[in-house]
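Novice: need a structure here:
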Amino acid sequence: MREWNAEAYHRISNPQFEWGMTVLARLPLEGVECVLDVGCGTGRLTERLAERLPRGRVVGIDQSANMVSAARDHLRPYGGRVQMLVADAAALPLSEVADAVFSTATFHWVLDHPRLFRSLYAALKPGGRLVAQCGGARNLARVDRRTRMLMSESRFAPYFTRWSYPWEFADAETTARRLAEAGFDEIHTSVEPSPVVFPDAETYRTFITNVVCRPHLAHLPEAAAKDAFVAALTEQAAADDPPFELDYWRLNLSARRPPLRARRAGAGAAL
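Specialist: Coordinates of the predicted model:
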């Protein structure tokens, strides 16, 4: 589950890219900062981030070695201003190095959000900011209902005896509380609908195969079973209004690691 088809994702990730551009516009930068791009994928958004940091640098982080390899190739023209790292977002090997953390379409793949937020807090410098977006409450509810029905059918059920839900789609209130518990302040969270409609069955099929249904298909060992699973979902989506729509909901979050408090006048003078 850590590995992705990076070549396919680079081609089909326009929804994630478009969401990410909106989030990136909310990140205040002067151009000299060090920014962590957590869940950088193949580097499409990392490139746009690097363009905003002509005298700074970006550290792109992803748990998929395939993604990081593709991002290195894509971002080679940026030289030493962009570094890539294979790492778990919930256990970053970094301490107080980043002026900001930027992330889109990633946090919902991390099941332990309290641990994730502690990790991001530790990686930020005092005063550093977190600006991110991921799947939120109600995300892909229609697809979830349909996949659960398919997994219960006799032709698929034997493959899903060890199934566990692979995402954390949190609501705004829970996320705000978890960020505060991790130590953040200036917290803002919200959930908004962001449906995506695909133009035809083949585009929809390719997208859910390589993104939405990756966890499900990993449980199906045979190509015929994988094809049948995706075909059933595509057929159902064709009858929706509008056809081939994915009911995405996005969780927006921003927060700050508090700056170091100024020492009180005279504190420590007398020992």
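Novice: which strand in the protein runs the most residues?
Specialist: In the chain, assigned by DSSP state E, the strand with the most residues is strand 124-135.
Novice: what packs against that strand?
Specialist: Counting contacts by 3 or more C-beta pairs under 8 Å, 6 or more residues apart in numbering; DSSP states H and E, strand 124-135 is packed against helix 14-24, strand 98-104, strand 249-256. All C-beta atoms are positioned from the backbone trio N, CA, C, and that covers glycine.
Novice: got the residue ranges for the strands in the stretch 151-271 of the chain?
Specialist: 185-193, 196-197, 245-246, 249-256 (DSSP state E, counting those that start in this stretch).
Novice: still on that earlier bit, paired strands for the longest strand of the chain, with orientation please.
Specialist: In the sheet, strand 124-135 lines up against strand 98-104 (parallel), strand 249-256 (antiparallel) (DSSP bridges).
Novice: same list (the ones you listed) but as TSV, adding mean pLDDT.
Specialist: Output for these, formatted as TSV (pLDDT from 0 to 100):
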stretch	mean pLDDT
strand 98-104	98
strand 249-256	98
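Novice: would you mind finding the most buried of the ones you listed?
Specialist: strand 98-104 (a mean of 24; mean count of other C-beta atoms under 10 Å).
Novice: contact partners of that strand?
Specialist: If you take C-beta atoms under 8 Å, 6 or more residues apart in numbering as the criterion, strand 98-104 is touched by 16, 19-20, 23-24, 27, 29, 33-39, 45, 49, 56, 59, 89, 120, 123-125, 128-134.
Novice: nearest the middle, which residue of this protein would you pick?
Specialist: Geometric centre of the chain, nearest residue: Thr106, 1.2 Å, by C-alpha atoms, centre = their mean.
Novice: give me the phi and psi for the nearest residue to that residue once chain neighbours are set aside.
Specialist: Excluding its sequence neighbours, the residue lying closest to Thr106 (C-beta to C-beta, 6 or more residues apart in numbering) is Gly39, at 2.6 Å. Main-chain torsions, Gly39, degrees, to the nearest 10: phi 80, psi 50.
Novice: OK, contacts around the nearest residue to Thr209 once chain neighbours are set aside?
Specialist: Spatially, and ignoring its direct neighbours in sequence, Thr209 is nearest to Val230 (5.4 Å; C-beta to C-beta, 6+ apart). Val230 makes contacts with 205, 208-209, 213, 217, as judged by C-beta under 8 Å, 6+ apart.
Novice: and Val230, how far is that from Val211?
Specialist: Look at Val230 and Val211: by C-beta to C-beta, to the nearest Å, they are 12 Å apart.
Novice: same check, this time on Asp227
Specialist: 17 Å.
Novice: number of residues surrounding Tyr159?
Specialist: By the measure other C-beta atoms under 10 Å, the count of residues near Tyr159 is 18.
Novice: revised request: answer the last question for Gly60.
Specialist: 28.
Novice: try the one 10 residues further on
Specialist: Per other C-beta under 10 Å, the neighbour tally for Ala70 reads 24.
Novice: that one in helix, strand or coil?
Specialist: helix (DSSP: H, G, I helix; E, B strand; the rest coil).
Novice: contacts only, for it.
Specialist: Contacts of Ala70 (C-beta under 8 Å, 6+ apart): 6-7, 10, 42-43.
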